[in-house]
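Undergrad: Provided below for reference: sequence and predicted model.
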Amino acid sequence: MSILINKNTRLVVQGITGNEGLFHTTQMLSYGTQVVAGVTPGKGGEWVLNKVPVFDSVKVAVDATGANTSIIFVPARFAADAMFEAADSGVSLIVCITEGVPVQDMMRVRSYLDQMNVRLVGPNCPGLLTPGESKVGIIPGNIAIPGNVGVVSRSGTLTYEVLYALMLKGMGVSTCVGIGGDPINGTNFIDALSMFEADPYTEKVILMGEIGGSDEEKAADFIAKNMTKPVVAFIAGQTAPPGKRMGHAGAIVEGGSGLAEDKVNALKTAGVKVAQHPEQLPDLLG
Amino acid sequence: MKLHEYQSKQIFSKYGVPIPKGRVASTAADARQIAEELGGRVVIKSQVLVGGRGKAGGIKLAKTPQEAEEIATQILSMEIKGLPVRKVLVDEAAAIGKEIYLGITNDRAARRPVMMASAAGGVEIEEVARLTPEKIIKVHIDPLLGLKDYQARNIAIGIDLPREHWKLFGQIAMGLWRAYVDCDATLAEINPLVITGDNRLVALDGKMVLDDNASFRHPDLNEMRDLDAEAPSEIEARKYGLSFIKLDGTIGCMVNGAGLAMTTMDIIKLFGGEPANFLDVGGGAGADKVAAAMRIILSDPNVDAVLFNIFGGITRCDEVARGVLAAMDEVKPKVPMVVRLVGTNAEEGRRILESANLITAETLADAARKAVAASKGMKEAGK
């Protein structure tokens, strides 16, 4: 079983008629996700792939189809508006895949969402995968099998590496949560860890962090105080030089903080086994 | 993107922040001309995008236009921390009474902007922040509401600013906030904001860093980009939408995804090698992008081996493989290449590369080990 999404998730895709939106809608449908609606302003009334109705607004789509989750594939300049619209539509979960959202936009979005009963995952993330049940995002469906390992990560392809390494060892995943690589996001490590701790089907957890910010240190503190389930971790960016942004908007060592070494030490102090490279993670889980 | 002092101050000035009279010059003759117009003593300030300009001798006082020209000649021939000085700012010199720090930045942990101020402004502000953090007043700003007048007033009170300056300080704080929002800055800073000898408030120095993600909203600001502050290979990479950072090692890396790219660097180091770069080709990397990435990697003379690590998700391995072949045809690399393709269409990708003379690897660890060995082999052959 899972956190955040399962076979009952009813999904609306914002930006469904764009290149990315259409490609990944096809992928999600073939995985078995219930994609019940799409939204592209100006294209309401059309159909996508002969089975998904397109609406002009998220609110109308939600009212018509009972969608409870939204995924956003719109370009960065429209992403903040799309997140505000989703929040106002009544869905309880928003997953924003879009990369390159301005950070001040994200501060305003997060501040608004904090006043409402809605969870955001992302932006700049690969989304969610509950193997065998539902995929809300862009994680390849064929690299993970159902199981009891919860995975939470700031990265995309690095997460795929670990899912794949787990599958090669016959180890399955309850839910994989890609929280994204931006400095301001909707869901952080602690949010995901506490959901995994409460989920009866998750028995152990993999955490994949990277340089920048202090979310891993906070996660370490949370693990020490609140987690009964074992957690193993990997931190990317051990060799990253300070002051250089490593691709992700959030991956930067600034003013002596955000160092990989500090994160590794904090996690180890919290009793977390930390891998030297990601292919060691399945073995560390034991 | 960092802005120069003169650019930042011009922006602040538009928002009602008082700045000294002055202009930027790219020749010593211009500097003299500006000094003549200003009359009196001027300060000549190098415009380079690094800190510590004053300590490096890049900021000097001139009493006459003649002296301004001499100093400008000297500063314009300097390099500061590796960056050539191409422009100097010629400002009227102010009699400094007191130095204040005032800045706004993004507080990542609080997920909101924070305005910071200190009565102990000036070049030692970082020391102040480290040793006596209580001397820095911090006020978080609701990103939906913006800075409130009372918050600006509380900052003035917090740094013991004399009452007569509160009103102007409030205008300056509000101007700085509006500049920060309108320009999509991640940092907007006045250091120092001085109380002059004749009791005025003036922003003597200014600094702005802009959010590259928001550049689509600011075509005018993008023109201010100073390419001297970046390696030519990084500028070239940006043209192709590649995320590239040059490092000092010898093993070139081409990876899809930032987290995996960092991890690939880490694992090279773990097995005894040194990465030559960070390079994320991004999602959906087509053949032309891959070819550009390879050219950029191989343009570094230190590179003696290359590691391709592609985990196909959205990115298709066959497409990457075609890009690698095309690039090899064009660049004719003389260094060994290790390739690891996993995920979407990996088998087809591997088949495409069979004809090429490449070292293949299955796992990440295997790939790193082979790249390190290849690099060592090249070094030994070189001796």
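TA: Everything's here; your move.
Undergrad: Up against chain A, what does the stretch 1-150 of chain B have?
TA: B:106, B:108-109, B:111-113, B:142-144 (Cβ under 8 Å from any Cβ of the partner chain). No exception for glycine: its C-beta is placed from N, CA and C like everyone else's.
Undergrad: And the buried ones among those, selectable in ChimeraX?
TA: In ChimeraX, this line selects whichever of the residues of the stretch 1-150 of chain B next to chain A come out buried by 16 or more other Cβ atoms under 10 Å in any protein chain shown:
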select /B:106,108,111,112,113,143
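Undergrad: want to try JSON lines for the residues of the stretch 1-150 of chain B next to chain A, with distance to residue A:52, secondary structure and pLDDT as columns?
TA: Below are the residues of the stretch 1-150 of chain B next to chain A laid out as JSON lines (distance: Cβ to Cβ, whole Å; DSSP: H, G, I helix; E, B strand; the rest coil; pLDDT from 0 to 100):
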{"residue": "B:106", "distance to residue A:52": "38", "secondary structure": "strand", "pLDDT": "93"}
{"residue": "B:108", "distance to residue A:52": "37", "secondary structure": "coil", "pLDDT": "90"}
{"residue": "B:109", "distance to residue A:52": "40", "secondary structure": "coil", "pLDDT": "89"}
{"residue": "B:111", "distance to residue A:52": "34", "secondary structure": "coil", "pLDDT": "93"}
{"residue": "B:112", "distance to residue A:52": "38", "secondary structure": "strand", "pLDDT": "95"}
{"residue": "B:113", "distance to residue A:52": "40", "secondary structure": "strand", "pLDDT": "97"}
{"residue": "B:142", "distance to residue A:52": "38", "secondary structure": "coil", "pLDDT": "97"}
{"residue": "B:143", "distance to residue A:52": "35", "secondary structure": "coil", "pLDDT": "97"}
{"residue": "B:144", "distance to residue A:52": "34", "secondary structure": "coil", "pLDDT": "96"}
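Undergrad: out of the residues of the stretch 1-150 of chain B next to chain A, who's nearest residue B:158?
TA: Of all the residues of the stretch 1-150 of chain B next to chain A, residue B:113 has the smallest distance to residue B:158: 17.1 Å, by Cβ to Cβ.
Undergrad: Now that closest one. Nearest residue, chain neighbours left out?
TA: Among residues not flanking residue B:113 along the chain, residue B:141 sits closest, at 4.6 Å (Cβ to Cβ, 6 or more residues apart in numbering or on different chains).
Undergrad: cool, residue B:378 as well?
TA: If the residues on either side of it in the chain are set aside, residue B:378 comes closest to residue B:304, at 3.9 Å by Cβ to Cβ, 6+ apart.
Undergrad: Please apply the same query to residue B:362.
TA: Using Cβ to Cβ, 6+ apart and skipping the chain neighbours, the partner closest in space to residue B:362 is residue B:340 (7.2 Å).
Undergrad: So what sits opposite that neighbour in the bridge?
TA: residue B:309 (DSSP bridges).
Undergrad: That one reaches residue B:317, doesn't it?
TA: No. Applying Cβ atoms under 8 Å, one finds residue B:340 not in contact with residue B:317, separated by 9.9 Å.
Undergrad: what sits in contact with each of those two?
TA: residue B:310 (Cβ atoms under 8 Å, 6 or more residues apart in numbering or on different chains).
Undergrad: For the residue of the stretch 1-150 of chain A at minimum distance from chain B, give me its contacts.
TA: Residue nearest to chain B within the stretch 1-150 of chain A: residue A:102 (3.7 Å; Cβ to the nearest Cβ). Taking Cβ under 8 Å, 6+ apart as the criterion, residue A:102 is in contact with A:76, A:80, B:184, B:211, B:213-214, B:217.
Undergrad: Distance to residue B:237 for the residues of the stretch 1-150 of chain B next to chain A - can I get that in TSV?
TA: Listed next are the residues of the stretch 1-150 of chain B next to chain A as TSV, based on distance: Cβ to Cβ, whole Å:
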residue	distance to residue B:237
B:106	25
B:108	26
B:109	31
B:111	30
B:112	33
B:113	30
B:142	38
B:143	32
B:144	36
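Undergrad: Of the residues of the stretch 1-150 of chain B next to chain A, which is the nearest to residue A:8?
TA: For the residues of the stretch 1-150 of chain B next to chain A, the closest approach to residue A:8 (Cβ to Cβ) belongs to residue B:111, at 30.9 Å.
Undergrad: Residue B:140: neighbour count?
TA: 13 (other Cβ atoms under 10 Å in any protein chain shown).
Undergrad: Ok, residue A:230 next?
TA: Neighbours around residue A:230, by other Cβ under 10 Å: 16.
Undergrad: any idea how far the closest residue to it other than its chain neighbours lies from residue A:221?
TA: Sequence neighbours aside, residue A:204 is the residue nearest to residue A:230 in space, at 4.8 Å (criterion: Cβ to Cβ, 6+ apart). Using Cβ to Cβ, to the nearest Å, residue A:204 is found at 19 Å from residue A:221.
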